[in-house]
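Asks: I'll drop the sequence and a predicted model, then ask my questions.
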Amino acid sequence: MRKQIGILALGALLTTCSILFINSKSYNGAGIKNTGSLLALNQNESIKTTPNIKFGIQLDSLDISYSKIGRNELLSTILLKHHIPYPTIDKVVKSSKGIFDVRQIVPGKTYAILTDKNDKSKKAKYFIYKQNEINYVVVNLDDTVNVYRGKHKVEIRNKTVSGIIQSSLYMTLKDQGVTPLLTYELSDLFAWQIDFHRIQKGDRFKVIYEEQYVNNKRIGIGKIQAAQFRHFNDDYYAFHFEQDGVGEYFDDEAGSLRKAFLKAPVKYSRISSKYSPKRFHPVQKRMKAHLGTDYAAPTGTPIMAVGDGVVKEATRKKFNGKYVKIRHNSTYSTQYLHMSKIAKGMKPGKKVRQGEIIGYVGSTGLATGPHVCFRFWKNGRQVDHLKEKFPPSKPVDPKYMEAYLEVKASMTKKLSEIQFDNTPPIAMINP
């Protein structure tokens, strides 16, 4: 009996040891159970990692370093510092023709040098020049030498913002952490409807717009999809719409926002003196007519043509100082006085486009400080341009009207859903 019990006990012990042995094969050293699939992975597969790619080049075997173009620095001097011989540099110059002018590298711009991790001499394998946040030029410095353009993938994110102006549009957006670029985009968008030099406290706006990102870094503004701006209790709307492959902005009545002239020839200045048939002249110390509008701005501020036209005069006179006069059509002409400098190429007969820089603010001639005296002629008579109403350019084509109304209705609904803090929402227009 004791012998049978001993045999049974020994059998149980062997069974238990077998079970423990088998289970031990199912656990790793950390006490974590292994599965068949993990064992197979450990035995037959390597863990896959995401390749390190930048500028379209796999960097696993390369080192990358960044620098900025120095003053008076040439591409040749940069490549020589990185052990590229003159014959190869000559190949680079020849290969870059029609793709990239190596003489046009700009001081302050960023460039990258890629070298082989195993090369102790650190001879450059690639030179990459960043033209901007999106575009770059790659110079492959292998024996064959290859020069080509590249472009980062741009991610578009839709954003909305609204605000009530307390001091300026710029500060209202800045206080909300919105890029100042939107200020310029809005002022350009409504340049024909709103004089941004006369923005007042209580004006308000809503904007649906795009922001551009590269590698999760915000790099700029895309298009404004829709905007609503209340100025002096009047509402102005802008809806982006494409017809015949061209995107433009239209108002709530399908009219174009682009009119014949800009409201002002300089951005973000102030009106220091308005058009007046009788004004005390600060230099001559007597009453006389002031048949123009003075925009005070720092010396060197760019002056823009307010509309398309042809330069009639670009010269200097005793009282006017340096100035440019433009004829826009048989009805309208404009003149820009007291420039510090007339832009290069401005001469009688030159065609200019709306927004083109024609000169820079100064105080030449009869002036007490830097400003541009802007004069406006209608049918040969000087008038106050701020009181003129100009017809818009082409409205939405009737064949696209149904599509436009759908876009307008969609954007109007989205604008109506953007609220202001502690204020009633702006009345929604009829879609």
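Replies: Right, received. Where do you want to start?
Asks: Return the distance of residue 216 relative to residue 57.
Replies: 20 Å (CB to CB, to the nearest Å). C-betas here are computed from N, CA, C, even on glycine.
Asks: Same drill for the two, tell me which one is more crowded.
Replies: residue 57 (17 against 6; other CB atoms under 10 Å).
Asks: How about that one: which residues does it bridge to?
Replies: Applying DSSP bridges to residue 57 gives these bridge partners: residue 54.
Asks: Need the per-residue pLDDT for it.
Replies: For residue 57, the pLDDT comes out at 93.
Asks: Touching, it and residue 114? I think so.
Replies: Yes. With contacts counted by CB atoms under 8 Å, residue 57 reaches residue 114, the gap being 6.7 Å.
Asks: Give me the common contacts of the two.
Replies: Here residue 57 and residue 114 have residue 126 as joint contacts, going by CB atoms under 8 Å, 6 or more residues apart in numbering.
Asks: After the helix or strand harbouring residue 138, which helix or strand is next?
Replies: Using DSSP states H and E, residue 138 maps to strand 135-140. Downstream of strand 135-140, the first helix or strand assigned by DSSP H and E is strand 146-151.
Asks: Buried residues, the longest strand that the chain contains. List them.
Replies: Secondary structure of the chain per DSSP state E: the longest strand is strand 217-231. By neighbour count on 16 or more other CB atoms under 10 Å, the buried set for strand 217-231 is 219, 220, 221, 222, 224, 225, 226, 227, 228, 229, 230, 231.
Asks: Give the phi and psi angles for the closest residue to the third one other than its chain neighbours, as a check.
Replies: Leaving aside its chain neighbours, residue 221 sits nearest to residue 181 (4.6 Å; criterion: CB to CB, 6 or more residues apart in numbering). For residue 181, the backbone dihedrals (degrees, to the nearest 10) come out as phi -60, psi -30.
Asks: Quick check: residue 181 vs residue 170, distance?
Replies: 11 Å.
Asks: So the two - more neighbours on which side?
Replies: For residue 181 versus residue 170, neighbours defined as other CB under 10 Å are more numerous around residue 170 (18 against 15).
Asks: Hmm, residue 264 and residue 192 touching each other?
Replies: No. Residue 192 is beyond contact range of residue 264, at 11.0 Å (criterion: CB under 8 Å).
Asks: Of the two, which one has the most company?
Replies: Legend: neighbour count by other CB under 10 Å for residue 192 and residue 264, higher for residue 264 (24 against 21).
Asks: was I right about the more buried one contacting residue 295?
Replies: Yes. Here residue 264 reaches residue 295: they are 6.1 Å apart, a contact under CB under 8 Å.
Asks: re earlier: so what are the sheet partners of the next helix or strand after the longest strand of the chain and their directions?
Replies: For strand 217-231, the following helix or strand on the C-terminal side (DSSP H and E) is strand 234-243. In the sheet containing strand 234-243, its partner strands are strand 217-231 (antiparallel), strand 246-250 (antiparallel), by DSSP bridges.
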